[in-house]
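J.: Based on what follows, work out the 3D shape:
(chains A and B)
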Amino acid sequence: MCLAIPALIKSIEGKEAEVEIGGIGRRASLWLTPEAKVGDYVLLHTGYAINIVDQEEAEETLRLLEEMAKLAEEEESEIH
Amino acid sequence: MKFIDEYRRSELAQGVVHRIHRNSTKSARLMEFCGGHTVTILKHGIRQLLPPTIEMLSGPGCPVCVTDNADLDKAIALAQIPGVILTTFGDMLKVPGSRSSLQKVKADGADVRIVYSTMDALQIARGNPDKRVVFLGIGFETTAPTIAASVLQAEQEGISNYYALSLHKLCPPVIKALLDSGEVRLDGLICPGHVSAIIGSRPWEFIARDYGLPCVVSGFEPLDVLQCVDMLVAQIENGRSEVEIAYRRGVRPEGNRQALEIMEQVFETCPAQWRGMGLVAHSGLRFKAEFERFDAEIAFEINPGPVVEPKGCICGDILRGVNTPQDCQLFAKVCTPESPVGPCMVSSEGSCAAYYLYGAAGE
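T.: Residues are numbered from 1 along each chain as shown, chains lettered A, B, ... in the order given. Just a heads-up that it's a prediction; the model follows:
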C-alpha cells in the first residue's frame, strides 16, 4: 500500500501538476510537496507527490554500487 | 523508467551480493517491516542470493493486513447505510470481515467505489451533493497525510458531504510493541522507505539506541534491498547499532515537514487495535476536535455487530513474525487469493499472497 513511483513533473498549475511515468501522463497533487518544480522527479503515492527525488543522491548511490561491482570483479579475478 | 531500472541491474547486484557473502560471518535475523519489501525480496529471489548466515523475516507492515476485524466490520456497516457512498483503495474490497466483505455488500447493492486517490473521492463528493461520501482511511504514515490533505481541501472548498473513517496506523510504535513482547529475536531491521519519506529516519533512532538493533531504511528495488542488507551486515559484524539510510534518493533524516504538518494539523495520535498485536498505545490517528465534522465515526451511527475471527487463520502470528505462511494449515489449500480467509492472502503485499504468488522462495 505504501507503493510510490518516481514521476517527472511536466507542468504545474496551482497545487496540481501534470506528471509523466514511463511516458504515461497523470495528474498529481502537490499539497505535500509545494516546493516541487517542473523537471523534478517526485515519489507519487495515491496521486500525491510525497517527496522530491534527490537526483544527486540517486547518482551517488549508483556510483557506490558500481564501485562495489568493480571491486567484487577484481577480487574474483584474483581468486581465479 | 528512470530511478527504477537502474536499481534492477543484475551486474550491480552481483557486486553487493559478493560483499555480503564476504562480510557476513555472524548469524543475522533481519526483519523487513514493510510488505512492499517482502514482495521485492520474494519476487526477485533475494533470499536465495544471501548466505546461510542471514535469515529474512516478514513483519507487520501491511496496512490492510493489520486492520482488525472490528474495524473492517465498521467499514462494511458504513457502506450499508442508505445514502452513503463508501470510497476505498482497491485492496480493501475482498478483505473478509466477521460476516461479509465490501465486495459482497457491493454485490448486494451498497455503493462502494474503488478510487486511486482521495482526490477521486473528493470528486465523487462534489458530483453527488445529495449523498454522503466516506473515504476508508487505511494506511501508514505514507498515506495518512494524503487523507489529511483531502480533508483540508474539502474544508477550503466547503465540501460538506465528505468524511473519512480514520483507521490509520503508525509504524514506530508497533515496532516498539513487537520488540517489547520479546516473542521475536531480531538482529537488524529493514525500515520502510516510503513511511520514512514522510517521517524521516529520526523516529527510528530509539530502536537502535534503546534496543541495540541496527536499522537501515530501504527503497523498494532489488538493489535497494541488497544495499540495505549489506549495510545491516556491516553494522552487525562491527557491533554497531545505528540508523542509516540506504534509500537516500527518497528519504531525508528529517522527513517531509510539510506532510507532517498537514497530518498533525488534522489528526492526533490515539491507541489503535492491530490484528495480531492487540491494542498499541499511540499507534493510531484520530481526528482533532476542530475537524470532528469530517469524522465518519462521529457523523454516522455505525452498528457492526459482534466480531467473529476466522477459524484456523494465523494471520496475527504471521504479522508478528512468530509464524510464516507455510505454518498455516489453511495456506494455499482453503485460503487462496481467489478465496481468501485472512487479510494476508488478500493484499498484494500480504505475506501469504506474496508467498503464494512467488513460491516459498528460499525456504
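
J.: Following element in sequence after the helix or strand hosting B:Val280, please.
T.: Element membership for B:Val280, per DSSP states H and E: strand B:278-287. Next helix or strand after strand B:278-287 toward the C-terminus (DSSP H and E): helix B:296-299.

J.: Next secondary structure after that following helix?
T.: helix B:315-319.

J.: list the helices and strands that following helix packs on?
T.: The criterion is 3 or more Cβ pairs under 8 Å, 6 or more residues apart in numbering or on different chains; DSSP states H and E, and the helices and strands that helix B:315-319 contacts are strand B:54-61, helix B:63-66, helix B:351-358. Where you see a C-beta, it was placed from the backbone N, CA and C, and this is true even at glycine.

J.: quick one: contacts of that helix?
T.: Helix B:315-319 is contacted from outside by B:58-60, B:62, B:65-66, B:274-277, B:323-325, B:327-328, B:342-344, B:351-352, using Cβ atoms under 8 Å, 6 or more residues apart in numbering or on different chains.

J.: returning to that earlier point: how about the CA coordinates for the strand holding B:Val280, as PDB?
T.: In PDB, the C-alpha atoms belonging to strand B:278-287 read as follows (Å, rounded to 0.1, in the frame of the first residue of the first chain):
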ATOM      1  CA  GLY B 278      -3.800  -6.000  20.100                       C
ATOM      2  CA  LEU B 279      -4.100  -2.500  21.400                       C
ATOM      3  CA  VAL B 280      -0.900  -0.500  20.900                       C
ATOM      4  CA  ALA B 281      -0.600   2.900  22.600                       C
ATOM      5  CA  HIS B 282      -0.100   6.000  20.400                       C
ATOM      6  CA  SER B 283      -0.100   3.900  17.200                       C
ATOM      7  CA  GLY B 284      -3.300   5.300  15.600                       C
ATOM      8  CA  LEU B 285      -4.600   8.600  14.300                       C
ATOM      9  CA  ARG B 286      -7.900  10.200  15.100                       C
ATOM     10  CA  PHE B 287      -9.400  13.500  14.000                       C
END
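
J.: for it, what is the average pLDDT?
T.: Here strand B:278-287 scores 97 as its mean pLDDT.

J.: next one: stretch B:35-44 to chain centre, how far?
T.: Here stretch B:35-44 is found 13 Å from its chain centre; the criterion is Cα atoms, centre = their mean, to the nearest Å.

J.: Please name every helix or strand in contact with the strand holding B:Val280.
T.: Strand B:278-287 is packed against strand B:162-166, helix B:171-181, strand B:267-274, with contacts defined by 3+ Cβ pairs under 8 Å, 6+ apart.

J.: Just the buried residues of that strand, please?
T.: Residues B:280, B:282-287 are the ones in strand B:278-287 that count as buried (16 or more other Cβ atoms under 10 Å in any protein chain shown).

J.: do the same with stretch B:317-324
T.: B:318-322, B:324.

J.: quick revisit: export the helices and strands packed on strand B:278-287 to CSV and append columns for mean pLDDT and mean neighbour count.
T.: Formatted as CSV, the helices and strands packed on strand B:278-287 follow (pLDDT from 0 to 100; neighbours: other Cβ atoms under 10 Å in any protein chain shown):
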stretch, mean pLDDT, mean neighbour count
strand B:162-166, 98, 26
helix B:171-181, 96, 20
strand B:267-274, 97, 19
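
J.: quick one: which of the ones you listed is nearest chain A?
T.: Smallest distance to chain A across the helices and strands packed on strand B:278-287 (Cβ to the nearest Cβ): 9.5 Å, for helix B:171-181.

J.: Contacts made by that closest one with the rest, please.
T.: Helix B:171-181 is touched from outside by B:33, B:59-61, B:66, B:140-141, B:184, B:186, B:189, B:192, B:195, B:199, B:203-204, B:206-207, B:211, B:213, B:274, B:277, B:280-283, B:320-321, with contacts defined as Cβ under 8 Å, 6+ apart.

J.: Show the subsequent helix or strand relative to that helix.
T.: strand B:188-191.

J.: For the nearest residue to B:Phe3 once chain neighbours are set aside, give the beta-bridge partners.
T.: Spatial nearest neighbour of B:Phe3, chain neighbours left out: A:Pro6 (4.0 Å); criterion: Cβ to Cβ, 6 or more residues apart in numbering or on different chains. Counting by DSSP bridges, A:Pro6 forms beta bridges with A:Leu43.

J.: Turn the helices and strands packed on strand B:278-287 into JSON lines, columns for distance to A:Arg26.
T.: Listed next are the helices and strands packed on strand B:278-287 as JSON lines, based on distance: least, Cβ to Cβ, whole Å:
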{"stretch": "strand B:162-166", "distance to A:Arg26": "22"}
{"stretch": "helix B:171-181", "distance to A:Arg26": "27"}
{"stretch": "strand B:267-274", "distance to A:Arg26": "27"}
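
J.: Quick one, which of the ones you listed gets closest to A:Leu32.
T.: For A:Leu32, the closest of the helices and strands packed on strand B:278-287 is strand B:267-274, at 14.3 Å, according to Cβ to Cβ.

J.: That closest one to helix B:171-181, inter-axis angle?
T.: Orientation note: strand B:267-274 sits at an angle of 40 degrees relative to helix B:171-181 (axes from the mean of the first three to the mean of the last three Cα atoms, to 10 degrees).

J.: Counting by contacts, list what strand B:267-274 packs against.
T.: Checking 3+ Cβ pairs under 8 Å, 6+ apart, strand B:267-274 ends up next to strand B:278-287.

J.: which residues touch the residue of chain B most remote from its centre?
T.: What lies farthest from the middle of chain B is B:Asp130; by Cα atoms, centre = their mean that is 33.7 Å. For B:Asp130, the contact set (Cβ under 8 Å, 6+ apart) comprises B:Gly83.

J.: if we can go back for a sec, chain A: which of the buried residues of stretch B:317-324 is nearest?
T.: Minimum distance to chain A across those is 14.1 Å, recorded for B:Leu319 (Cβ to the nearest Cβ).

J.: ok, back up a step: distance of the residue farthest from the centre of chain B from B:Leu30?
T.: 53 Å (Cβ to Cβ, to the nearest Å).

J.: Tell me how far B:Val64 lies from chain A.
T.: 6 Å (Cβ to the nearest Cβ, to the nearest Å).
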